[in-house]
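Enquirer: got a predicted model here, sequence first, then my questions.
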Amino acid sequence: MNVVRKVVDKLFYGVLGLLAGVLVAISLGATAQMIYGNTFPFWNVTGPLVVNGTSTLSGGIVGTTTNDSATTGNVGEYIISTLPSSSYVTGAATGVSRSITSISLTPGDWRVSGTCNILGSTLITTVLQCGLGTATDTLTAQTGGQGLGPDPVHTLVQASATMPNTALTLQAPEVRFSIPSASGTTSLFLVGNATYSSGSYRTYGTLRASRER
């Protein structure tokens, strides 16, 4: 009887051990599935995966296949602000900058650019500018600053000439805008400027930003 009991006990505890192992594996797989969003078993990977501080998947990162938008904080987040022609900003005195529109950006790395439409009225001008700034009514210098990359201004210089009474489009160059976490939400401005001797002008346009990482 003792021999039989020992055999039965071994079989019983062996089955319990096997069952416990299966339950642990299922639990780990379910946890990993919740974390990584993959189908169990969670370690299945299509193509080579290299893990040594970084991970690499062959075939690239799959993008969206429809016309949706990336959610806040994710790569591809897109923010845009347009001031239409019907809501134009009246140009300031010669050589004085005016903000056209603005957007608010959270910390991170952004790719930003803008479009200025300048409509003159018997405007005799020598310099027109369209650019980006981190303060209202202020064009950023060529060296950039406040996280804004260099050369954020498009400057058109010409001999004194009368602008036709049709809109002239200038593009604020695409640059990197890097916002540290300590800065919190930061404003970016689309700014226009004209140096002129007579006449007047008005501006309108679009400011856009895309989160790079």
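Expert: Received it, and whenever you're ready, just let me know what you need.
Enquirer: which stretches of the protein form strands?
Expert: Assigned by DSSP state E, the strands in the chain fall at 49-51, 55-57, 78-83, 89-90, 98-105, 108-133, 153-162, 168-179, 186-211.
Enquirer: can I get those in TSV with distance to residue 144 and mean pLDDT?
Expert: For the C-beta atoms, the positions are set from N, CA and C on the backbone; glycine is no exception. Output for the strands of the chain, formatted as TSV (distance: least, Cβ to Cβ, whole Å; pLDDT from 0 to 100):
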stretch	distance to residue 144	mean pLDDT
strand 49-51	36	60
strand 55-57	33	59
strand 78-83	20	98
strand 89-90	24	96
strand 98-105	15	98
strand 108-133	9	96
strand 153-162	10	93
strand 168-179	7	96
strand 186-211	12	97
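Enquirer: residues making contact with stretch 162-170?
Expert: Stretch 162-170 is contacted by residues 85, 115-125, 128-130, 154, 156, 192, 199, 201 when judged by Cβ atoms under 8 Å, 6 or more residues apart in numbering.
Enquirer: ugh, typo on my part, it should be stretch 147-156
Expert: Outside of stretch 147-156, the residues within contact range by Cβ under 8 Å, 6+ apart are 112, 127-134, 139-140, 142-144, 170-173, 175-180, 183, 186, 188.
Enquirer: same thing with stretch 174-186?
Expert: Counting by Cβ under 8 Å, 6+ apart, 104-113, 132, 134, 144, 147-152, 188, 209, 212 sit against stretch 174-186.
Enquirer: and if you look at stretch 80-87?
Expert: Contacts of stretch 80-87 (Cβ under 8 Å, 6+ apart): 89, 100-103, 117, 119, 167, 190, 204-209.
Enquirer: give me the buried stretch members for it, please.
Expert: For stretch 80-87, the neighbour count (16 or more other Cβ atoms under 10 Å) marks 81, 83 as buried.
Enquirer: residue ranges of each domain in the protein, please.
Expert: Segmentation of the chain into domains, based on automatic domain parsing, reads 2-55, 78-211.
Enquirer: quick one, which of those is nearest to residue 71?
Expert: Residue 71 lies closest to domain 78-211 among the domains of the chain, at 10.4 Å (Cβ to Cβ).
Enquirer: for that closest one, the distance to its chain's centre please.
Expert: 19 Å (Cα atoms, centre = their mean, to the nearest Å).
Enquirer: quote the end-to-end distance of it.
Expert: End-to-end distance for domain 78-211, by Cα to Cα, to the nearest Å: 7 Å.
Enquirer: if we can go back for a sec, output the domains of the chain as a markdown table; include the columns distance to residue 67.
Expert: Output for the domains of the chain, formatted as a markdown table (distance: least, Cβ to Cβ, whole Å):
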| stretch | distance to residue 67 |
| --- | --- |
| domain 2-55 | 23 |
| domain 78-211 | 12 |
